[in-house]
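Student: following is a predicted model, sequence given first.
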Amino acid sequence: MSARGRLTLLYTGLVLVAGVVLAALTYVLMRQHLADRVIAVRIDRTEGAPPPPSLAVPGLTDQVRDETLAALVAQAAIALAVVAVLAAVLGWLVAGRVLRPIRAISATAQRLSAEHLSDRVPVHPPHDELAALATTVNGMLDRIERGITERDRALEGQRLFTANAAHELRTPLTTIRTAVDVTLDGAPTRTELLTMAEDVRAAADDSRHTLDGLLALARSNAGVTNPRPADLATIAGSALSEVAGPLSDQDIEVHRELRAAPLRGDPVLLERMAANLVGNAIRHNHRGGRVVVVTGASGGGVFLRVRNTGRAVAPDRVDRLLEPFVRAADGGAGLGLSIVRAVVQAHHGEIDAVANQGGGLDITVRIPLRGAWLP
């Protein structure tokens, strides 16, 4: 039996029980009331005679009481039957009205599938428990839809990442194989062997650089498990010191404002983040360009800002440069900024990249100081 039928039977049964109790109570009260009454018969007097006294007829009182109670029982039974029918009809209608939100939830659930999660349960006034249930179900569906969307995005990103990583690692191997085959095809001279060795070394360096980037990216995605005190000002200063040679060779002007930016985090990842930002700012710059590096603390967190001149970047392409294996026009492995973003996310921070009007990028990293990340 359906829930609507059970509710109808329950409602009808409650009405019948209440009706029977009321009829029984009325019967008892009426019987007590009639028990205190004596029925007398008045005899018409004869013309000219004194009025006769009222006479009580033996058995008449009991007969009238029994007939009255019998009529009461019959009428109560008829009334109960009518009330039971009305209660069943009204109970059926009321149960349908009450269960309408449940049916809506069931119908919505039946329409849902992994490819179609946009349907929601309609919520109508009044805002009672069933409306709260519908709202809760809608909230659950929203979370499920977001989770599936994020899962699909993550799986797609993982698929692209794996394909790109395989391609990046295969390219140096192909270069090595080609250099070896060409050199060994015949009787190679010493010069040819040295040239092959240089090609193999360059390809091996490319593979090592790619593998280092992949390992750093994997470590960043694993999160920070043992935060330690660090300072972005010190880390950025060290990164600038390491690129002093390229800065001098390309005649790049450096403007630094390294104010204290203490935090707790993974120093190795933070050093890799700063090195990638500074390295990209130099690598994708032009001779006689400019690099600005600023650190500090503000808004309950610390920040590192790196701004450089260089080739113009389309504004709609900036976000894509933060993805793995997306290269700028002048080459590179395409892992630098993706590692920066992964390190920032591992520290619960944010990264903001903007294309400069005159060329180059303006990248700001913000890491909040909260909970375990307080210095």
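Tutor: Perfect, I can see it now.
Student: pLDDT of stretch 116-136, averaged?
Tutor: Per-residue pLDDT over stretch 116-136 has a mean of 79.
Student: start the count at 209, not 1, going forward
Tutor: Let's use 209 as the start, then, which means that last one is stretch 324-344.
Student: pull the CA atoms of that stretch into PDB?
Tutor: Only the C-alpha atoms of stretch 324-344 are listed here, as PDB (Å, rounded to 0.1, in the frame of the first residue of the first chain):
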ATOM      1  CA  HIS A 324      22.200  15.600 -16.300                       C
ATOM      2  CA  LEU A 325      22.300  17.100 -12.800                       C
ATOM      3  CA  SER A 326      20.700  20.500 -13.400                       C
ATOM      4  CA  ASP A 327      17.100  19.600 -12.200                       C
ATOM      5  CA  ARG A 328      16.100  20.900  -8.800                       C
ATOM      6  CA  VAL A 329      13.200  20.300  -6.500                       C
ATOM      7  CA  PRO A 330      10.600  23.100  -6.600                       C
ATOM      8  CA  VAL A 331      10.200  24.800  -3.200                       C
ATOM      9  CA  HIS A 332       6.800  26.300  -2.500                       C
ATOM     10  CA  PRO A 333       5.400  28.100   0.600                       C
ATOM     11  CA  PRO A 334       4.800  27.600   3.400                       C
ATOM     12  CA  HIS A 335       8.300  27.200   4.600                       C
ATOM     13  CA  ASP A 336       7.700  24.100   6.700                       C
ATOM     14  CA  GLU A 337       9.700  20.900   7.300                       C
ATOM     15  CA  LEU A 338       9.000  19.600   3.800                       C
ATOM     16  CA  ALA A 339      10.200  22.800   2.200                       C
ATOM     17  CA  ALA A 340      13.300  22.600   4.400                       C
ATOM     18  CA  LEU A 341      13.800  19.000   3.100                       C
ATOM     19  CA  ALA A 342      13.500  20.200  -0.500                       C
ATOM     20  CA  THR A 343      16.000  23.000   0.100                       C
ATOM     21  CA  THR A 344      18.400  20.500   1.700                       C
END
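Student: quick check: buried residues in it?
Tutor: Neighbour counts over stretch 324-344 (16 or more other C-beta atoms under 10 Å) mark 325, 328-329, 331, 338-339, 342 as buried. Every residue, glycine included, has its C-beta placed from N, CA and C.
Student: run a quick neighbour tally on Thr418.
Tutor: By the criterion of other C-beta atoms under 10 Å, Thr418 has 19 neighbours.
Student: repeat for Val510
Tutor: 28.
Student: Arg467 versus that one, what's the distance?
Tutor: Using C-beta to C-beta, to the nearest Å, Val510 is found at 9 Å from Arg467.
Student: likewise for Leu237?
Tutor: 93 Å.
Student: more neighbours: which of those two?
Tutor: Per other C-beta under 10 Å, whichever of Leu237 and Arg467 has more neighbours is Arg467, with 13 against 10.
Student: show the pLDDT at the more buried one.
Tutor: On the pLDDT scale, Arg467 gets 95.
Student: how about it, nearest residue that isn't a chain neighbour?
Tutor: Gly504 (4.1 Å; C-beta to C-beta, 6 or more residues apart in numbering).
Student: tell me the pLDDT of the one you found.
Tutor: What the model reports for Gly504 is a pLDDT of 94.
Student: just Leu425 next, same as before
Tutor: Per the predicted model, pLDDT is 65 at Leu425.
Student: cool, and the one 10 residues further on?
Tutor: Pro435 is assigned a pLDDT of 84 by the prediction.
Student: same check, this time on Gly431
Tutor: Gly431 is given a pLDDT of 68.
Student: ditto for Leu569
Tutor: For Leu569, the predicted pLDDT is 93.
Student: count residues in the vicinity of it, would you?
Tutor: 23.
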